[in-house]
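*Asks:* Give me a model of this one.
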Amino acid sequence: MSEIRRLRREELRDSLDLSMYAFQYELPEEELVERLATMNPEETWGYFIDGKLASKLTLLDFTTWINGQKLKMGGIAGVASWPENRRQGMVGQLLSKALEVMKENGQTLSYLHPFSFGFYRKYGWELSMSYKKIELQTSQLPKLGNAGGRVIRTAPSAAALNPIYDAYAARFNGPITRSEKWWETRLLKKKGHMAVYLDAAGEPRGYVHYWIENHECKIHQLVYLDQDAKRGLWKFIGDHDSMFDKLTMQAPPDEDLAFELNDPRIKQELVSYFSARIVDVEGFLGQLQLRHTGLPQETSLRLHVTDGQAPWNHGTFELRLNAPEGSAVVVKTADEPAGGSGAAADGLACDIRTLSVLLLGAKSAGELHRIGRLEGDERSVELLAAALPRRTCYLPDFF
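*Replies:* Prediction:
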C-alpha cells in the first residue's frame, strides 16, 4: 500500500539517511543529532510504500520580493528517492501534492534548485534566476574613485545588516526575505569579516562580507545601495591588495562591473541557477502590480494557459486593466485554453513555464514571442509588454 503524507518526528532520521545517500554526504553523529533537533517534520512530505519512506521532498515557507512587493513563496528542496524507487512517478506525485498545498497556503509562486532543468520542466518549473560569477586578479581590482563616507569594520549582526539587504533586495525580482534565524544559520556562520559603509551623514548604505585565505579573497556578499557606497566598499577591498592574488564573487546577472574597469577583459560567467513556477495564475496575477500608464482605457487581454500539473491554472484568463491605478482584475473564463489559430486571434497562448518567466520578468513578452514560446498577435504582445514591469531576476541565497 502507498500513501503521501507529512513526516512524523520519529521518521526524520529516515529522511536524513535518504538525503545523505542521495546527495552523497555524511554528517558526524554530533551534527546529525543537532540537525534532527532543529528539523520540522511538518515541512517534509514523504511517499511511503508499506509504511517505509521511498521518496520525499521538503516544502519551505518563504517570502520573496516581486516588483517591490513581498509575496508568499514555496521553496522546494531535498527532493530524493531511493534508487530502487526511482522512475516510478513518485516525485511527480509529490510535486503535484506540493502544488496543492502551496495553493492552499496562498503561496502563489515556487522556487527550486534543480539537479536537472529538463526534469523539473516536465512539472512546470522553468529557469528564472541566474547570477554572474566574477573573478578578478589583484591588478584588475576596480578603482572607482573616492567616496564621501567611510567604511567601519563591525561584528556580523542580522539586526544591523538586514535593513540594508532589504532595501537592496527590493530592487530585484526573486530575493527571499531573510529572518534572523536565516542570517544566523545560513549566512553569518560562514568564516569571514564584515564591514559596513556609512555615507557622509553616517547612514549605512552597504556592506561586504569576505574572507581571505591562501592568497584568495572570497566575497560572500557585496551589497550597496548607491554608487557612493559601491566606490567606498571597493576602495576598502582594494586596500587589501597585498593580501591576495585573486578575488572571486557572485553578482546579479546585470552587474556591469567590467564596464567600470580599466581592463574590462575579466573572467566572468553567467551561471544558470534556480527555476521558478507560478503555483496559482489567478492568485499571482491578482497580486501583481501592473503598469497602467500609456495603456488604452478599459484594456483587457485574454491569456490561454496550459498546465498539466495544476488544473486550476489550465484554461483561459481575462486580464482587465481598467481597474484603479496599480491593480488589475483577473478572471478565469474557461477551463480549457483556446489553441492554435483561435488563441492567436483572441489573445495570447503559452504553457505555465513560459508564463512564469514572463510574469517574473526573466524574459520579456517580445523575446518569448520571437522564439515561439508565446503565441498571439503583435498587438497583444505589445499590450502585455507595456503592462508588465521589468526587473532583474536574482536570488542571492540558496536552499
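
*Asks:* Leaving out the residues flanking it, which one is nearest to Y123?
*Replies:* Using C-beta to C-beta, 6 or more residues apart in numbering and skipping residues adjacent in sequence, the residue nearest Y123 is L95, 4.9 Å away. The way it works is simple: take the backbone N, C-alpha and C, and place the C-beta from them, glycine included.

*Asks:* what sits against the one you found?
*Replies:* Shown in contact with L95 (C-beta atoms under 8 Å, 6 or more residues apart in numbering): 57, 76, 123, 309.

*Asks:* same thing with G174?
*Replies:* By C-beta under 8 Å, 6+ apart, the contact set of G174 is 64-66, 111, 128-129, 274, 276, 360, 393-395.

*Asks:* G206 too?
*Replies:* 164, 196-197, 222-226, 229-230, 232-233.

*Asks:* I'd like to know which of the residues you listed are part of helices.
*Replies:* By the criterion of DSSP state H, membership of those in helices covers 164, 229-230, 232-233.

*Asks:* possible to save these as a markdown table with pLDDT and distance to R171?
*Replies:* A markdown table is the format used below for the ones in helices among the contacts of G206 (pLDDT from 0 to 100; distance: C-beta to C-beta, whole Å):
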| residue | pLDDT | distance to R171 |
| --- | --- | --- |
| I164 | 98 | 12 |
| A229 | 98 | 13 |
| K230 | 98 | 14 |
| G232 | 98 | 19 |
| L233 | 98 | 17 |
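
*Asks:* Out of those residues, which is nearest to D280?
*Replies:* The closest of these to D280 turns out to be I164 (C-beta to C-beta; 32.0 Å).

*Asks:* Pull the contacting residues for that closest one.
*Replies:* I164 touches 196, 204-207, 223, 225, counting by C-beta under 8 Å, 6+ apart.

*Asks:* change it to 7 Å
*Replies:* I164 sits next to 204, 206-207, 223, 225 when contact means C-beta atoms under 7 Å, 6 or more residues apart in numbering.

*Asks:* okay if I get those as a markdown table plus distance to D14 and pLDDT?
*Replies:* Shown next, in a markdown table, are the contacts of I164 (distance: C-beta to C-beta, whole Å; pLDDT from 0 to 100):
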| residue | distance to D14 | pLDDT |
| --- | --- | --- |
| P204 | 45 | 98 |
| G206 | 45 | 98 |
| Y207 | 41 | 98 |
| V223 | 39 | 98 |
| L225 | 46 | 98 |
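
*Asks:* Most neighbours out of those, which is it?
*Replies:* Within the contacts of I164, neighbour counts (other C-beta atoms under 10 Å) peak at G206, which reaches 27 neighbours.

*Asks:* Mind telling me what element that residue is part of?
*Replies:* According to DSSP states H and E, G206 maps onto strand 204-213.

*Asks:* can you give me the helices for the stretch 201-350 of the chain?
*Replies:* Ranges of helices in the stretch 201-350 of the chain, per DSSP state H, counting those that start in this stretch, are 227-238, 281-287, 340-345.

*Asks:* buried residues in the longest one?
*Replies:* By neighbour count, with 16 or more other C-beta atoms under 10 Å as the criterion, the buried positions of helix 227-238 are 228-237.

*Asks:* For the closest residue to S130 other than its chain neighbours, give its distance to L32.
*Replies:* Spatial nearest neighbour of S130, excluding adjacent residues (C-beta to C-beta, 6+ apart): P253 at 4.7 Å. Distance of P253 to L32, given as C-beta to C-beta, to the nearest Å: 37 Å.

*Asks:* Then E367?
*Replies:* E367 is 47 Å from L32, where distance means C-beta to C-beta.

*Asks:* One more: S19?
*Replies:* Taking C-beta to C-beta, one finds S19 at 11 Å from L32.

*Asks:* more crowded one of the two?
*Replies:* S19 (20 against 15).

*Asks:* Quick one: residues contacting the more buried one.
*Replies:* By C-beta under 7 Å, 6+ apart, the contact set of S19 is 78, 80.

*Asks:* Buried residues of the helix or strand hosting it, list them for me.
*Replies:* Using DSSP H and E, S19 falls within helix 12-23. Using 16+ other C-beta under 10 Å as the burial criterion, the residues of helix 12-23 that qualify are 12, 14-16, 18-19, 22.

*Asks:* Could you write out the alpha-carbon coordinates of it in CSV?
*Replies:* In CSV, the C-alpha atoms belonging to helix 12-23 read as follows (Å, rounded to 0.1, in the frame of the first residue of the first chain):
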residue,chain,number,x,y,z
LEU,A,12,13.2,12.3,10.5
ARG,A,13,16.2,10.0,10.8
ASP,A,14,14.9,8.0,7.8
SER,A,15,14.6,11.3,5.9
LEU,A,16,18.1,12.3,6.7
ASP,A,17,19.5,8.9,5.8
LEU,A,18,17.8,9.2,2.4
SER,A,19,19.2,12.7,1.9
MET,A,20,22.8,11.6,2.8
TYR,A,21,22.6,8.6,0.5
ALA,A,22,21.0,10.5,-2.5
PHE,A,23,23.2,13.6,-2.2
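
*Asks:* What angle do helix 12-23 and the helix or strand just after it make with each other?
*Replies:* Later in the chain than helix 12-23, the nearest helix or strand by DSSP H and E is helix 29-38. For helix 29-38 against helix 12-23, the angle by axes from the mean of the first three to the mean of the last three C-alpha atoms, to 10 degrees is 120 degrees.

*Asks:* which other helices and strands contact the next helix or strand after helix 29-38?
*Replies:* Counting by DSSP H and E, the next helix or strand C-terminal to helix 29-38 is strand 44-49. Helices and strands touching strand 44-49, by 3 or more C-beta pairs under 7 Å, 6 or more residues apart in numbering; DSSP states H and E, are strand 2-6, strand 52-66, helix 90-105.
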